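Q: I would like the atomic coordinates for the input below:
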Amino acid sequence: MSNTMNTTTFNVAFSCKAPGLSFGEVIKVVGNSPSLGNNNLSRAVTLHTTPSTYPYYETAASLPLNATSFQSGSPELSISYQYALFTGGRFKRWETTPEPRRLDVVMPQDVQGMDLGDEEEDGSAPAGGNQIITVVVDVFSRPEEPRPT
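A: The predicted model follows:
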């Protein structure tokens with residue numbers, strides 16, 4: 001979280017567990033924030049994996065999301081988002097949740113106004129610097145095969 005000139009930004013990293021993907025399938029996250037494409041699939045954020053992090057997919061960096069309100073004097077973040085599956089660069093389907101997911105965060109009073117640090121020149125957070133909120137969920141898992149009886 002960073003706090004400058006009456007604008008509070010929450011740094012959010014999105015990660016999901018998706019062990020059931022096939023080769024060539026890509027997960028993207030989209031939501032009602034400019035950093036999440038303003039619900040526009042063509043501007044959704046791609047999640048990445050590596051052999052060492054599979055089956056977890058994550059954003060390449062944390063995304064800056066501006067506070068959506070300042071009720072009770074505390075900066076708040078309230079967004080909705082969903083994961084989407086793409087194949088060959090084309091939308092295939094949404095994750096199987098009945099409603100978009102929600103992320104609601106209130107910055108505690110004891111953190112407000114603290115110097116949380118700035119990013120280093122290489123883009124990394126300094127020791128004891130920016131707090132990053134990480135959201136991890138299960139998505140796109142293939143149903144288990146029925147066990148023989």
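Q: pLDDT below threshold where in the protein?
A: Under the criterion pLDDT under 70, the flagged ranges of the chain are 1-7, 72-73, 108-132, 141-149.
Q: so who does Asn67 touch?
A: No, residue 67 isn't Asn; it's Ala. Residues near Ala67 by CB atoms under 8 Å, 6 or more residues apart in numbering: Thr7, Thr8, Thr9, Phe10, Pro75, Glu76, Leu77, Met107. Just so you know, the C-beta spots here come from the backbone N, C-alpha and C atoms, and that holds for glycine as well.
Q: what would those residues look like in CSV with neighbour count?
A: Listed next are the contacts of Ala67 as CSV, based on neighbours: other CB atoms under 10 Å:
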residue, neighbour count
Thr7, 10
Thr8, 20
Thr9, 19
Phe10, 25
Pro75, 22
Glu76, 16
Leu77, 21
Met107, 20
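Q: state whether Glu99 is indeed within a strand.
A: No. Counting by DSSP: H, G, I helix; E, B strand; the rest coil, Glu99 falls outside a strand, being coil.
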